[in-house]
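Enquirer: Sequence first, predicted model second:
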Amino acid sequence: MPWKSKTPCRYPGCANLVQSGGYCDTHKKQMHREYNAHNRDSFSKSFYGSRRWREMARVQLQREPMCAECAKVGRATLARIADHIHPIRDGGAKFDFANLQSLCRACHNRKTLRDSR
């Protein structure tokens with residue numbers, strides 16, 4: 001199977017090449033820090049940074065390692081994010097496995113955008 005060609009890092013002005021679309025290792029860490037520092041409210045920072053949530057998310061991804069949304073359309077994609085089906089801010093249970101699903105980054109981003117509207 002042929003490999004995809006490398007693409008430039010998405011960080012402005014960076015010419016490093018990456019295997020798949022996104023940021024190089026240097027800018028990936030920087031963008032993650034900036035996202036958490038600027039885009040999340042204090043509740044989200046404390047909740048998603050808590051040991052209890054990180055452990056629950058890890059267990060969820062072990063229980064269901066494939067993306068639930070991709071599976072609905074017949075794609076097999078490795079999940080990277082444990083997502084609340086019913087968002088916490090809308091009354092969804094924080095620590096209930098029945099309110100969790102495993103999603104790939106693309107599906108999680110689409111769902112988060114839909115939920116924020």
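Expert: Yep, that arrived. From a predicted model like this one, the values you see are computed outputs, not experimental measurements.

Enquirer: Could you work out the end-to-end span of stretch 17-29 for me?
Expert: 16 Å (Cα to Cα, to the nearest Å).

Enquirer: scratch that, stretch 92-109 is what I was asking about
Expert: OK, stretch 92-109 end separation, Cα to Cα: 18 Å.

Enquirer: Kindly report the same for stretch 3-15.
Expert: Criterion Cα to Cα; first-to-last residue distance in stretch 3-15 is 20 Å.

Enquirer: next one: stretch 69-78
Expert: Chord length of stretch 69-78, first to last residue, is 11 Å (Cα to Cα).

Enquirer: Same check on stretch 95-115?
Expert: Start-to-end, stretch 95-115 (Cα to Cα) is 19 Å.

Enquirer: can you check stretch 59-71 too?
Expert: 19 Å.

Enquirer: continuing past the helix or strand of the chain with the lowest mean pLDDT, what's the next helix or strand?
Expert: Lowest on mean pLDDT, DSSP states H and E among the helices and strands of the chain sits helix 25-38, with a mean of 69. Moving toward the C-terminus from helix 25-38, the first helix or strand encountered (DSSP states H and E) is helix 42-48.

Enquirer: chain center to that next one, what's the gap?
Expert: Chain-centre distance of helix 42-48: 15 Å, with Cα atoms, centre = their mean, to the nearest Å.

Enquirer: average model confidence for it?
Expert: Model confidence over helix 42-48 averages 81 on the pLDDT scale.

Enquirer: Any buried residues in whatever helix or strand comes next after that helix, and which?
Expert: The C-terminal neighbour of helix 42-48 among helices and strands, as given by DSSP H and E, is helix 51-63. Residues of helix 51-63 classed as buried under the neighbour-count rule (16 or more other Cβ atoms under 10 Å) are 56, 57, 60, 61. Where you see a C-beta, it was placed from the backbone N, CA and C, and this is true even at glycine.
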